[in-house]
Structures are given as C-alpha cells and as structure tokens.
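Trainee: The following block contains a protein sequence and its predicted model.
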Amino acid sequence: MDSSFDTLHRAIDDIPEQREDTPLRESAILGFDTETTGAAVGRDSIVSASLVLRPRGAGADHHAQTCASWLINPHRPISPGASRVNGFTDEFVALNGQEPEAALDEIGAIIAAAQRRSIPLLAYNAPFDVGMVHADLKRWKLPDVEMPLVIDPLVIDRAVSTRRGRRTLSDTTEYYGIEPDGRFHDALADTIAAIDLIPAMSELYPTVARMSLGNLMDWQRQAHERWRRSFNTWLESHGRQPIREGWL
C-alpha cells in the first residue's frame, strides 16, 4: 500500500472519468477521515487526515489501494475530550505537525482531482468531515473544494439495516464483520474500515448493490430525511429538541 501525496495524486490521474451508470459496488472510491481538535464544525480544526483511493473493482482488497496521511498543527488547542479519543496533544502536533495551509492545500487538491473524475468521496458521517474541510479551507483563506459526489455509509446503513443499538463506525463495522486495519480513531484505520463497508453492504442488500453514481446523492438525501423525521418523532416524544440539519 503506497503512501504519499504525489503517489495518490498520480493514481487518481490514471483513472478515467467514471460514468453515472457506474455501480457503486464497482466504483473507484476515495475514502476520507479526520481527527480534530473537537466536535464543533467551524470552531474546531483538523489535526490529522487520511485519504485512501480504492480503485474500481477492488472490492475489499487493501493491497490495491493508495493512501496519503497528514498530521497538522491546527494552531488552536485540542480539547481534553478529543485528545483522549485521538491521542494527540498540543505539544505533539506543534512539534510534528505540518503547517495547515500546506496540508489543507494538498487535501483539497486530491479531493478536487477525484471529483473531476466522478470518484466519490466516502466519509462515515460525511457532514462532519466535509464540514471540517470547508471550514478549515475558509479559515486559512484557501480555495474551497466542491464535493458533488459523496458516499456516507452511515446514511446507507440506517436506511437498509433495521438493527437496534449504536451506529458508531466501530459498532457498524463489527456488525458487518469488518476487522479494523489498525486501531479506531486513527484516521487511516477509520478510512479503510469505512470503505470496506460498501462491498459488505452490497453483498447483503440488493438496494445497495443496485445503487449507481447517478442516483447516489438523491438516494442518500431522501434516506437521511426519512431517518431524520423518524428520529425527530422519538426525540420530541422524550421532550428533546429535533434535528433540523439536512444531509449534504
């Protein structure tokens, strides 16, 4: 598994633009995950990020993928809660992290190159990671990146699986029998595990197997809206505030 910005960019450039009728289960996928200073999009920032390209037809073959990772000095404190989860400290990222302008510029360039070839960006609970990228690019006065093609395995899983219980990445991958390639809350391990959900879901659910790049976004928006309405009914019955945000 190669690991560098240049190698990843070349691997994306070698993939022909994908068609709208490309089945999701056969599509090339660019997986993405971040670890951050906290959970507030717009206030917190990215500390580490990984991008993993799984080429078309590779399924769950980790040997076929190409990746790049970044450790970033966010120039703002990491919250104690986030530090406990991701293991990073202010001192460590200040000493070892890249300057954010350079790292975010590379991350944006990779995502943009993939989107130009209709290679979807995959992120578990995508609004969080996508929102973090947009906010950090804005913060450091870098060009924003359009992301019209995104895969969110959390949205898909909520729509096709009726199981009860938590749906964190670790819970969901355990349900589908996926072993992490490393420890969870490591951006690279989380990225690979999230990509692995697509072939696993495609095996179990004909709805996912039939999904194509052309209907991917509308399907996920509608699935999220159905879940939001149902979950809001439960929240309101327990005297809690409803969720007002849409998906992407």
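Mentor: Arrived safely, thanks for sending. Numbering: from 1, shown residues only.
Trainee: Determine the set of other helices and strands touching the longest helix along the chain.
Mentor: Using DSSP state H to assign secondary structure, the helix with the most residues in the chain is helix 216-237. In this structure, helix 216-237 makes packing contacts with strand 150-151, helix 153-160, judged by 3 or more CB pairs under 8 Å, 6 or more residues apart in numbering; DSSP states H and E. Any C-beta I mention is one placed from the backbone N, CA and C, and that applies to glycine too.
Trainee: Please identify the most buried of those.
Mentor: strand 150-151 (a mean of 24; mean count of other CB atoms under 10 Å).
Trainee: outside of that one, which residues touch it?
Mentor: Under the contact criterion CB atoms under 8 Å, 6 or more residues apart in numbering, strand 150-151 has outside partners 24, 29, 120-123, 126, 130, 198, 216-217, 220, 248.
Trainee: Contact partners for the residue most central in space within the chain?
Mentor: In the chain, the C-alpha nearest the mean C-alpha coordinate belongs to residue 123, at 1.5 Å (CA atoms, centre = their mean). Contacts were defined as CB under 8 Å, 6+ apart; by that measure residue 123 touches 31-33, 129-130, 150-152, 194.
Trainee: 10 Å instead, please
Mentor: Residue 123 makes contacts with 30-34, 129-130, 132-133, 147, 150-154, 190-191, 194-195, 248, as judged by CB atoms under 10 Å, 6 or more residues apart in numbering.
Trainee: do residue 9 as well
Mentor: 51, 53, 66, 68, 106, 109-110, 113-114.
Trainee: can you list the helices and strands packed on helix 216-237 in TSV and add mean pLDDT and distance to residue 97?
Mentor: Below are those laid out as TSV (pLDDT from 0 to 100; distance: least, CB to CB, whole Å):
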stretch	mean pLDDT	distance to residue 97
strand 150-151	98	26
helix 153-160	98	28
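Trainee: Looking at the ones you listed, which is nearest to residue 79?
Mentor: Of all these, helix 153-160 sits nearest to residue 79, with 22.7 Å by CB to CB.
Trainee: Which secondary structure elements does that closest one sit against?
Mentor: Other elements packing on helix 153-160 under the criterion 3 or more CB pairs under 10 Å, 6 or more residues apart in numbering; DSSP states H and E are helix 126-139, helix 169-175, helix 187-204, helix 206-210, helix 216-237.
Trainee: Quick check: next helix or strand after the helix or strand of the chain with the lowest mean pLDDT?
Mentor: When the helices and strands of the chain are compared on mean pLDDT, DSSP states H and E, strand 2-3 comes out lowest with a mean of 52. Heading C-terminal from strand 2-3, the first helix or strand you meet, by DSSP states H and E, is helix 5-13.
Trainee: Could I get the average pLDDT for the following helix or strand past that next one?
Mentor: Moving toward the C-terminus from helix 5-13, the first helix or strand encountered (DSSP H and E) is strand 29-36. Rounded to a whole number, the mean pLDDT of strand 29-36 is 97.
Trainee: can you give me how far strand 29-36 is from the chain middle?
Mentor: Mean C-alpha position of strand 29-36 versus that of the full chain (CA atoms, centre = their mean, to the nearest Å) differs by 4 Å.
Trainee: so what strands line up beside that strand?
Mentor: Strands that pair with strand 29-36, judged by DSSP bridges, come out as strand 46-54 (antiparallel), strand 121-122 (parallel).
Trainee: Relative to residue 183, which of these is closest?
Mentor: With CB to CB, the closest approach to residue 183 among the strands paired with strand 29-36 belongs to strand 46-54: 13.1 Å.
Trainee: Next, the angle from that closest one to helix 5-13.
Mentor: For strand 46-54 against helix 5-13, the angle between stretch directions is 40 degrees (axes from the mean of the first three to the mean of the last three CA atoms, to 10 degrees).
Trainee: Fine, thanks again, bye for now.
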